[in-house]
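In: Kindly return the folded structure for what I paste below:
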Amino acid sequence: MRYLEIDSWERKQHFEFFNSFFDPYFAVSMDVDVGKAYTFSKEKNISFFSVYLHACLKAINSIENFKYRIQDDKVVVYDSIHGSATIMRPNKTFGFSFIKFNEEVLEFTKNVVKEKERIVNSDELFPPVNSNDYIYCSAMPWINFKGHKEPINGGKESVPKLAFAKMVEEDNKLKMNVSISVNHALVDGYHVGLFFEKFQKALNAYK
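Out: Model prediction:
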């Protein structure tokens, strides 16, 4: 972890402008092709969720702006970003997870399974590990949404928020809509576009 030198940052004016907003988040939603990732998950007998979340975190970790977080009006740059996904229990409530990122998908899947077991066997809402070096993410496999809004607690937030929709077949492809919300003080439309480009590349790389 390190602190960004804001005074020499080319986005200093953008940061100061959007950081003054009550709600500086903007959001976009678009679909990605998950065919290869889905096939890989079935061949390896691992959860599809684990595979696409791994691809998502690979993309996030490859773009520096997605590693930025605001703390006390300073910008912290984390070395690695992990996943805080909502995981459902049998009683249909959920718990927040902290899934440590690993470059190897099978090792990452073990981290997903471990967190799922912890949540299913507890009634705690929050994980034992709680910091800002993660993304918020929710899977909604029941809904093929085209847009999505994340809740804002009213405080100074800077963690990216993602939601994954139901997988559907369109034009002989398996597609899934993905919504991403980011703090404009740290992330611009260019970076969001780059995220989707790298996310799709990661999804296509599983063999």
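In: contacts, neighbours, all on C-alpha from now
Out: Noted.
In: I'd like to know how far the residue nearest the centre of the chain sits from Phe17.
Out: Centroid check for the chain by C-alpha atoms, centre = their mean gives Ile135 as the closest residue, at 4.4 Å. Distance, Ile135 to Phe17, by C-alpha to C-alpha, to the nearest Å: 23 Å.
In: Now do the strands in this structure.
Out: Applying DSSP state E to the chain gives strands spanning 2-3, 25-33, 68-71, 74-77, 82-88, 94-96, 134-139, 161-170, 173-183.
In: Now for the residue nearest to Lys207 when sequence neighbours are not counted, how many residues are close by?
Out: Spatially, and ignoring its direct neighbours in sequence, Lys207 is nearest to Phe40 (6.1 Å; C-alpha to C-alpha, 6 or more residues apart in numbering). Using other C-alpha atoms under 10 Å, Phe40 has 20 neighbouring residues.
In: Over to Pro90?
Out: By other C-alpha under 10 Å, 7 other residues sit near Pro90.
In: can I assume it is in contact with Ile119?
Out: No - Pro90 is beyond contact range of Ile119, at 10.3 Å (criterion: C-alpha atoms under 8 Å).
In: circling back: distance of the residue nearest to the centre of the chain relative to Asp72?
Out: 19 Å.
In: what's the answer for Gly147, then?
Out: Distance from Gly147 to Asp72, by C-alpha to C-alpha: 31 Å.
In: If you count surrounding residues, which of these two has more?
Out: Between Gly147 and Asp72, counted using other C-alpha under 10 Å, the more crowded position is Gly147 (15 against 8).
In: Just the pLDDT for that one.
Out: Note for Gly147: predicted pLDDT of 88.
In: Which positions in stretch 56-63 come out as buried?
Out: 56-62 (16 or more other C-alpha atoms under 10 Å).
In: which two in those are spaced the farthest apart?
Out: Farthest pair in these (C-alpha to C-alpha) is Cys56 and Ser62. Separation: 10.1 Å.
In: any chance you could map the helices in the chain?
Out: Ranges of helices within the chain are 12-18, 35-44, 48-61, 105-120, 189-204, based on DSSP state H.
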